[in-house]
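**Student:** Predicted model, plus sequence, below.
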Amino acid sequence: MTDHRPRTGPDDTPEVSPATLAVTAGRPARTPGDPVNPAVVLSSTYVSTGTPGPGEKFYARNGTETWEPFEEALGLLERSPLPALVLGSGMAAIAAALSLVPAGGRLVMPRHAYQMTAALAADLGERTGLRVEAVDIADTDAVLAAVRGDAAGHGGDVAAMLWVESPTNPMLEVADLPALVAGAHAAGALVVVDNTFATPLGQRPLEHGADVVVHSVTKYLAGHSDVVLGAVVTADAALRGRLHGYRTVHGAVAGPWEVWLALRGLRTLALRVERSQHNARVLAERLAAHPAVLEVRHPSLPGDPGHERATRLLDGYGSIIGLRPSGGAEGADAVVEAVRLWLPATSLGGVESSLERRRRFPTESPTVPDDLLRLSVGVEDVEDLWADLRAALDGLAQR
Ligand SMILES: *Cc1c(COP(=O)(O)O)cnc(C)c1O
């Protein structure tokens, strides 16, 4: 693997910030005449005889040198002593993490978890007997009671896993992560955190003791809406071994170009996140003052339910905004139709600003308001973004 990389582990090199690591980690050794970027290697198999030794490459579903620089970089960003594991999508990473729940075990998860995470848990519930309990992840007491199995019917049957998303998608609820990890561990449950929204710049769950972090690399980490990719990170070698085994036997592997593009995108993570968060703050404040707006959710707003916790626990308030325009679902659809600069599309975390009405998907949770638009704020000039949104909302006010 690489040499001369800034480390954060117990060795003697100085600790540098995640913003720096995003630029420096996963580079080849500094050998005169060698490239500064890792190569893309296209080979499904490796010259190999006898029983492969630990870490020896022999077949590309098990591991490739094109994955390793990204895995190294993401591991360092999440402050793990171990490299991340890259998978073919965020959902593949989520499926890998959920495989750590033993058959018939209980899973406690946010009622506003990413809708496909909830769908996968429901599917596992039907096929494998996984028992799923949905909670308000912002209500620490209720979450921990569910983990301990306090409710009648569970009889103290402790959950095998607490699944955390914070901030949640799309409701932007903020969890008290340190309290949840401490409480869940005291009860004996594993804690997995989907850190897609916060990114390792906003929150590093392993530092709070979480067991596994999952990412949809598709979003902020890759950042350009040109790849679908996922990753898991853990500081526990035994858990990493199980997750690696899952990836190998389920075949949820990434292509080399996608991983190379993700590392390329990762280099500008701090710049992109800084700019899009700034834009989101400005827009959230202006939106809240517009007459055709019923409600704005963004943790930067002093009145937002997640504001106090986000201020205490997160570095930055993120660049997702929840917006409920006047006129119900029809009004929200009219805004999506009217914008010219904002892209009507699902997904988030790209350089381009996009928006969608979440309940257009029949699978979205019915507790998400019908008129909620999820705005993913990009890195464009904030005045252009505002002018476009304001024109769409002005049109609504005149209806
Ligand atoms: C998009 C997303 C996922 C799923 O990731 P894919 O890369 O689309 O498979 C999981 N969690 C969150 C929070 C997401 O936003």
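**Tutor:** That came through, no problem.
**Student:** mind checking which helix or strand the residue nearest to residue 207 when sequence neighbours are not counted is in?
**Tutor:** Beyond its immediate neighbours in the sequence, the residue positioned closest to residue 207 (CB to CB, 6 or more residues apart in numbering) is residue 79, lying 5.5 Å away. Every residue, glycine included, has its C-beta placed from N, CA and C. When secondary structure is defined by DSSP states H and E, residue 79 falls outside every helix and strand.
**Student:** same question, residue 265
**Tutor:** Assigning secondary structure by DSSP H and E places residue 265 in helix 256-266.
**Student:** Any buried residues in that helix, and which?
**Tutor:** Judged by neighbour count (16 or more other CB atoms under 10 Å), helix 256-266 contains these buried residues: 256, 258-266.
**Student:** Out of those residues, which comes closest to residue 279?
**Tutor:** Distance ranking of those against residue 279, using CB to CB, places residue 265 first at 18.4 Å.
**Student:** Could I get the contacting residues of the closest one?
**Tutor:** Residues touching residue 265, when contacts are defined by CB atoms under 8 Å, 6 or more residues apart in numbering, comprise 221-224, 227.
**Student:** Can I have the buried ones of these as a PyMOL selection?
**Tutor:** Per 16+ other CB under 10 Å, the buried members of the contacts of residue 265 correspond to this PyMOL selection:
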select buried, resi 221+222+223+227
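**Student:** With distance to residue 137 and pLDDT as added columns, please give the contacts of residue 265 in a markdown table.
**Tutor:** Formatted as a markdown table, the contacts of residue 265 follow (distance: CB to CB, whole Å; pLDDT from 0 to 100):
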| residue | distance to residue 137 | pLDDT |
| --- | --- | --- |
| 221 | 22 | 98 |
| 222 | 26 | 98 |
| 223 | 26 | 98 |
| 224 | 29 | 98 |
| 227 | 28 | 97 |
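**Student:** Where does the chain get nearest to the ligand, which residue?
**Tutor:** Residue nearest to the ligand within the chain: residue 90 (2.1 Å; CB to the nearest ligand atom).
**Student:** And the strands in the stretch 151-300 of the chain?
**Tutor:** When secondary structure is read from DSSP state E, counting those that start in this stretch, the stretch 151-300 of the chain shows strands at 161-165, 190-194, 212-216, 230-234, 293-297.
**Student:** Using JSON lines, please lay out the ones you listed together with mean pLDDT.
**Tutor:** Converted to JSON lines, these look like this (pLDDT from 0 to 100):
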{"stretch": "strand 161-165", "mean pLDDT": "98"}
{"stretch": "strand 190-194", "mean pLDDT": "98"}
{"stretch": "strand 212-216", "mean pLDDT": "98"}
{"stretch": "strand 230-234", "mean pLDDT": "98"}
{"stretch": "strand 293-297", "mean pLDDT": "97"}
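**Student:** could these be laid out in a markdown table, adding distance to residue 344?
**Tutor:** What follows is the strands of the stretch 151-300 of the chain, written out as a markdown table (distance: least, CB to CB, whole Å):
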| stretch | distance to residue 344 |
| --- | --- |
| strand 161-165 | 24 |
| strand 190-194 | 25 |
| strand 212-216 | 20 |
| strand 230-234 | 25 |
| strand 293-297 | 19 |
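**Student:** out of the ones you listed, nearest to residue 34?
**Tutor:** Distances from residue 34 to each of these were compared using CB to CB; the shortest belongs to strand 230-234, at 26.3 Å.
**Student:** and the closest one, how far from the chain's centre?
**Tutor:** 10 Å (CA atoms, centre = their mean, to the nearest Å).
**Student:** can you list the residues that contact the top helix by length along the chain?
**Tutor:** With secondary structure taken from DSSP state H, the chain has its longest helix at helix 269-288. When contacts are defined by CB under 8 Å, 6+ apart, helix 269-288 is touched by residues 18-19, 22-23, 199, 201-202, 220-221, 223, 293, 296, 298, 300-301, 316-321, 323, 351, 353, 375, 377-380, 382, 385-386, 389-390, 393.
**Student:** For the protein, which residues are neighbours of the ligand?
**Tutor:** Selection of the chain residues close to the ligand by CB under 6 Å from any ligand atom yields 89-91, 114, 116, 165, 169, 194, 196-197, 216, 218-219, 228, 230.
**Student:** and residue 225, what is it in contact with?
**Tutor:** Residue 225 makes contact with 347, 350-352, according to CB under 8 Å, 6+ apart.
**Student:** Alright, calling it a day.
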